[in-house]
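Okay, structure incoming, though there's no sequence with it:
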């Protein structure tokens, strides 16, 4: 059984092998926040149990939070070679000087563990074996002795390493062998093992394959693996999980074609009741809590409009704790990032009612983006009902 990359990297780090700073997410907004925290370009990597992700489009690079959010939106919910993508690993993009390959596996012919290493990392080991067989170092490990210091240093030296780099590489080989034994694994591999500009080795990728016959002794890893496999990638459960991740207090799906987003519980319930009393059918009710942010309303729109039954989205905002200019920025930000997506689902109509703190500034921002707004809640609901009946 193969582990996810993020699982393998956690184990690598626990065994003293340096890995990039990273975080597993299953929400585009989370990806943007993590990228902002890192403050550097990042790699957005689909977490699947297959190889060759890079060639299949499962690894992308982002220069800023907005780009990371867009890439995550594109990757999540998709698939690679028929495997669903439920989460992504967002991690620092590492400046690489040289790429190496290092791995420990079992040789079933000789019935011994074997170390495989090469100075040509970054590509499949099978390709290295075909094109550059002389540049692969392969040595058996004597089971009673294990991987000795002198053997690990010899392998590093054969890969052209000297001095401190040779010692660091040898230490990594010994750690890989230790993991193989501790986890009862059949393969522990890092490709590429990057020699960074500061002279340190970093595991840019990580692969661990456990022996199926020993899984009953590794319940924690198995449970974590199964949990990520079962994360929904579509439907109401998926949307509810996204709302929970975004810390949206209330997200409910009913039966209709109108979506409601409100910035408070009282505002939201009033909007829901009036819409139903006036003959409307509400599909989604989403309440953001008393103190919303531009990012939160953007994420709420992303979640609500991923429901294909929504023909009209009614957003009701009252500026008490919330500033209407900031709410307007969240709305326009979502629309600017999702133009093509909205066209694909038939351009749901968006009705905005805002009143309160800095409402004139908010209306101006919406108007400049071509979005009309209402002051009176009845007018906004009647317009939403009119548009919903047309669809």
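Done, it's in. Just so it is clear, the model here is predicted, and its values are computed rather than measured.

CA atoms for contacts and neighbours, from now on please.
Will do.

Need the three-state assignment for residue 302.
helix (DSSP: H, G, I helix; E, B strand; the rest coil).

Let me know the pLDDT of it.
You'll see residue 302 listed with a pLDDT of 91.

can you check the one 5 residues further on too?
With respect to pLDDT, residue 307 has a value of 88.

Surely it is in a strand?
No - assessed with three-state DSSP, residue 307 is coil; it does not lie in a strand.

That one and residue 136, how far apart?
Look at residue 307 and residue 136: by CA to CA, to the nearest Å, they are 52 Å apart.

so where's the stretch 251-391 of the chain uncertain?
341, 343-346, 391 (pLDDT under 70).

Strands of the stretch 51-200 of the chain, start to end?
59-62, 79-80, 83-84, 88-92, 96-107, 112-118, 136-140, 185-196 (DSSP state E, counting those that start in this stretch).

Adjacent strands (with direction) for the helix or strand containing residue 202?
Element membership of residue 202, judged by DSSP states H and E, is strand 201-203. Using DSSP bridges, strand 201-203 pairs in its sheet with strand 185-196 (antiparallel).

Off-centre distance for the partner strand?
22 Å (CA atoms, centre = their mean, to the nearest Å).

got the contact list for residue 258?
Residues near residue 258 by CA atoms under 8 Å, 6 or more residues apart in numbering: 280-284, 310-314, 384, 388.

Can you tell me what sits against the longest helix along the chain?
When the chain is parsed with DSSP state H, its longest helix is helix 163-182. With CA under 8 Å, 6+ apart as the test, helix 163-182 has contacts from 15-17, 102-105, 115, 147-149, 152-153, 155-157, 185-189, 199-201.

same thing with stretch 49-61?
With CA under 8 Å, 6+ apart as the test, stretch 49-61 has contacts from 2-4, 41-46, 68, 71, 75, 80, 83, 93.

sorry, back to before: redo the strands of the stretch 51-200 of the chain as JSON lines? Include mean neighbour count and mean pLDDT.
Below are the strands of the stretch 51-200 of the chain laid out as JSON lines (neighbours: other CA atoms under 10 Å; pLDDT from 0 to 100):
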{"stretch": "strand 59-62", "mean neighbour count": "19", "mean pLDDT": "95"}
{"stretch": "strand 79-80", "mean neighbour count": "17", "mean pLDDT": "84"}
{"stretch": "strand 83-84", "mean neighbour count": "16", "mean pLDDT": "84"}
{"stretch": "strand 88-92", "mean neighbour count": "25", "mean pLDDT": "96"}
{"stretch": "strand 96-107", "mean neighbour count": "20", "mean pLDDT": "95"}
{"stretch": "strand 112-118", "mean neighbour count": "22", "mean pLDDT": "96"}
{"stretch": "strand 136-140", "mean neighbour count": "17", "mean pLDDT": "95"}
{"stretch": "strand 185-196", "mean neighbour count": "23", "mean pLDDT": "95"}
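
Reformat those strands as CSV; add distance to residue 380.
Output for these, formatted as CSV (distance: least, CA to CA, whole Å):
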stretch, distance to residue 380
strand 59-62, 39
strand 79-80, 40
strand 83-84, 40
strand 88-92, 39
strand 96-107, 55
strand 112-118, 66
strand 136-140, 69
strand 185-196, 56
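
wait, residue 322 sits on residue 288?
No - contact between residue 322 and residue 288 fails when scored by CA atoms under 8 Å: they sit 10.8 Å apart.

Quick check: can you list the domain ranges of this protein?
Structural domains annotated on the chain: 21-93, 96-219, 235-390, as defined by automatic domain parsing.

what about those domains, which gets the closest to residue 9?
domain 96-219 (5.9 Å; CA to CA).

What segments of the chain are helices?
Taking DSSP H as the test, the helices found in the chain are 5-14, 28-38, 65-75, 125-131, 149-158, 163-182, 219-229, 235-245, 265-277, 294-304, 324-337, 339-344, 359-368, 377-390.

before we move on, the earlier item: which two from the contacts of stretch 49-61 end up farthest apart in space?
2 and 41 (28.2 Å).

Quick check: which of the helices of the chain is nearest to residue 211?
Using CA to CA, the helices of the chain put helix 163-182 closest to residue 211, at 10.0 Å.

Give me the buried positions along that closest one.
165-180 (16 or more other CA atoms under 10 Å).

about what we covered before: give the rounded mean pLDDT of the longest helix of the chain.
Computed over helix 163-182, the average pLDDT equals 97.

contacting residues around the most centrally placed residue in the chain?
Taking CA atoms, centre = their mean, the centroid of the chain lies closest to residue 88, which sits 2.8 Å from it. Neighbouring residues of residue 88 by CA under 8 Å, 6+ apart: 24-26, 44-47, 72, 75-76.

Closest one to residue 260 out of those residues, please.
In terms of CA to CA, no member of those lies closer to residue 260 than residue 26, at 23.7 Å.
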